[in-house]
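Engineer: Quick check, what structure comes out for this input:
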Amino acid sequence: MDRKLLKPSNINKLKDIRTPFYLYDMKLFRETVSEVVRLSSLYGIDVHYAVKANAGKPFLRHMASEGFGADCVSGNEVLCAIENGFSPDKIAFAGVGKTDREIETALKNGIFALTCESLPEISVINELAGRLGKKADILVRINPDIDAHTHKYITTGLEENKFGVSGHDFDALTGLLADCGNVNFKGLHFHIGSQILDVEEVFGLECRRAKEIARYFEDKGLEISHIDLGGGLGVDYEAPDEHPVPDFEKWFRTIAEGMTGGKRENPRYHIHIEPGRSIVAQCGSLITRVLFVKNGIDKTFLITDAGMNDLIRPALYGASHRIVNLTAESDHEGDTAVYDVVGPVCESSDVWAEGISLPAAMRGDMLAILSAGAYGQVMASRYNLRDLAPAVWLDWNGDEAVLSF
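Structural biologist: As a prediction, this is how the structure comes out:
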């Protein structure tokens, strides 16, 4: 979080906004995008933003204007990307359960590729493309059987997984592609998981497996022009202020060296990646107020007005987000206390953090739950019929915050 936000004059601008709300830092976002654009050009790797991470219009429009492609996982995401300026020929559409209507939406809009995740899906796309008199451009998602060293709920590249085609179906896939006259096979797609921090080890292995599998299919007579390595670069949830922009350099370099030996001239494959979390996570915070300070026998609880319906990651994954008391820190109070910070939802899993030290808090203090720009607002619900937390967009005029709604 930009420490300028802790100026009393900036905190005062937030005090009149009804909580909870998401606060998005556009300055940090633009800096992050600029770094990705620089590296994309340097290494010759195409970038498709994973819309599922955050579909905020200011984010989407800026990335589209910078030439990003879009990685979509629903028909509505495809339409959203187009409406916000992404060129259809830079949109990839993945997902294990595309409906006929969604497939037809993609075909009619002429997107870059449908990423197919099973043999039955290829057959259905072939049939629907024939009915529409079109040729469907497809990538085939492959399970490389790689452990991404991350949470089991966000690991997607193992052999037994609902995503993609596994090795036991490779021969059948080759035959099916030969029989489908209404599809144009463009290449392979890989995605092994999210929040990956072992960058060189895990992505280096992904590159090696991708090349091995590509050669297998080439030996079977298939032409592969594109390889999409998915996303998954992790962010620092523990110390976001120290690493507001992830180490994109290491990620791009690892992929470039792994796939092309670092050479840009006449690469064998056109390489794509699909970052989402790494671009937007650190740009967003969930702002909430303390409703009550409740003293127990052994614990003191801060009960907030934001709950798991607003940001489900801690309840769903056991995820940890750093918490800042904006009110206390802006007033430079010195006393601290240990708290369990919890939400108002009628579930025992509605807990933000246990046993953390914060500046002494009182009713009405504003807290910021950091690194909430990815998989926060997009996953929100109205459980308990609670209102959805809106977005507030933060920019800067010198040290002064400028807010828009």
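
Engineer: how is this structure carved up into domains?
Structural biologist: 3-22+282-404, 26-280 (automatic domain parsing).

Engineer: Would you format the ones you listed as JSON lines with mean neighbour count included?
Structural biologist: For glycine as for every other residue, the C-beta is placed from the backbone atoms N, C-alpha and C. As requested, the domains of the chain are exported to JSON lines (neighbours: other Cβ atoms under 10 Å):
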{"stretch": "domain 3-22+282-404", "mean neighbour count": "17"}
{"stretch": "domain 26-280", "mean neighbour count": "19"}
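
Engineer: could you point out the longest helix in the protein?
Structural biologist: helix 199-219 (DSSP state H).

Engineer: Tell me which other helices or strands that one touches.
Structural biologist: Packing contacts for helix 199-219, counted by 3 or more Cβ pairs under 8 Å, 6 or more residues apart in numbering; DSSP states H and E, involve helix 170-179, strand 183-189, helix 248-260.

Engineer: That one vs strand 183-189, what angle?
Structural biologist: Using axes from the mean of the first three to the mean of the last three Cα atoms, to 10 degrees, one finds that helix 199-219 and strand 183-189 are set 150 degrees apart in direction.

Engineer: so how far is helix 199-219 from its chain's centroid?
Structural biologist: Going by Cα atoms, centre = their mean, to the nearest Å, the spacing between the C-alpha centre of helix 199-219 and its chain's C-alpha centre is 23 Å.

Engineer: quick one on the thing from earlier: including mean pLDDT, could the domains of the chain go into TSV?
Structural biologist: Output for those, formatted as TSV (pLDDT from 0 to 100):
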stretch	mean pLDDT
domain 3-22+282-404	95
domain 26-280	93
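
Engineer: surely S74 meets G95?
Structural biologist: Yes - in this structure S74 lies within contact range of G95 using Cβ atoms under 8 Å: 6.5 Å.

Engineer: Find residues that contact each of the two.
Structural biologist: Common contact partners of S74 and G95 (Cβ atoms under 8 Å, 6 or more residues apart in numbering): E102.

Engineer: Please name the nearest non-neighbouring residue to D310.
Structural biologist: A389 (4.7 Å; Cβ to Cβ, 6 or more residues apart in numbering).

Engineer: Please confirm that the one you found is located within a helix.
Structural biologist: No - membership of A389 in a helix is not supported by DSSP: H, G, I helix; E, B strand; the rest coil, which gives coil.

Engineer: Okay, it and I103: tell me how far apart.
Structural biologist: Between A389 and I103 the computed distance is 33 Å (Cβ to Cβ, to the nearest Å).

Engineer: Also V183?
Structural biologist: 11 Å.

Engineer: How about C283?
Structural biologist: Counting by Cβ to Cβ, the gap from C283 to I103 is 33 Å.

Engineer: How about A214?
Structural biologist: Distance, A214 to I103, using Cβ to Cβ: 25 Å.

Engineer: what separates A281 from V235, distance-wise?
Structural biologist: Counting by Cβ to Cβ - A281 and V235 are separated by 5 Å.

Engineer: Report the set of residues contacting both of the two.
Structural biologist: By Cβ under 8 Å, 6+ apart, the residues touching both A281 and V235 are S371, A374.

Engineer: How about the contacts made by the residue in the chain sticking out farthest from the centre?
Structural biologist: Using Cα atoms, centre = their mean, the residue of the chain lying farthest from its centre is I297. It sits 40.3 Å away. Neighbour list for I297: empty [criterion: Cβ under 8 Å, 6+ apart].

Engineer: thinking again about what came up before, tell me which other helices or strands the helix or strand following the longest helix of the chain touches.
Structural biologist: The helix or strand immediately downstream of helix 199-219 is strand 226-228, counting by DSSP states H and E. In terms of contacts (3+ Cβ pairs under 8 Å, 6+ apart), strand 226-228 is packed against strand 183-189, strand 270-273.

Engineer: Can I get the ones you listed in JSON lines including distance to I142?
Structural biologist: Output for the helices and strands packed on strand 226-228, formatted as JSON lines (distance: least, Cβ to Cβ, whole Å):
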{"stretch": "strand 183-189", "distance to I142": "5"}
{"stretch": "strand 270-273", "distance to I142": "14"}
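
Engineer: I'd like to know which of those strands lies nearest to D335.
Structural biologist: strand 270-273 (46.4 Å; Cβ to Cβ).

Engineer: Once you drop chain neighbours, what's closest to H321?
Structural biologist: Nearest residue to H321 in three dimensions, chain neighbours excluded: I369, at 4.9 Å (Cβ to Cβ, 6+ apart).

Engineer: Next, give phi and psi for the one you found.
Structural biologist: phi -100, psi 110 (degrees, to the nearest 10).

Engineer: again, but for V342
Structural biologist: Dihedral angles for V342 - degrees, to the nearest 10 - are phi -130, psi 160.

Engineer: Show the contacting residues for it.
Structural biologist: By Cβ under 8 Å, 6+ apart, V342 lies in contact with F301, L302, I303, T304, D350, V351, W352.

Engineer: could you check the distance from the residue nearest to it when sequence neighbours are not counted over to P314?
Structural biologist: Excluding the flanking residues, the one nearest V342 by Cβ to Cβ, 6+ apart is V351, at 5.1 Å. Between V351 and P314 the distance is 7 Å, computed by Cβ to Cβ.

Engineer: Pull up the overlap in contacts between the two.
Structural biologist: Overlap of the contact sets of V351 and P314 (by Cβ under 8 Å, 6+ apart) is empty.

Engineer: Stretch 222-237 spans what distance, first to last residue?
Structural biologist: Stretch 222-237 has an end-to-end distance of 42 Å (Cα to Cα, to the nearest Å).
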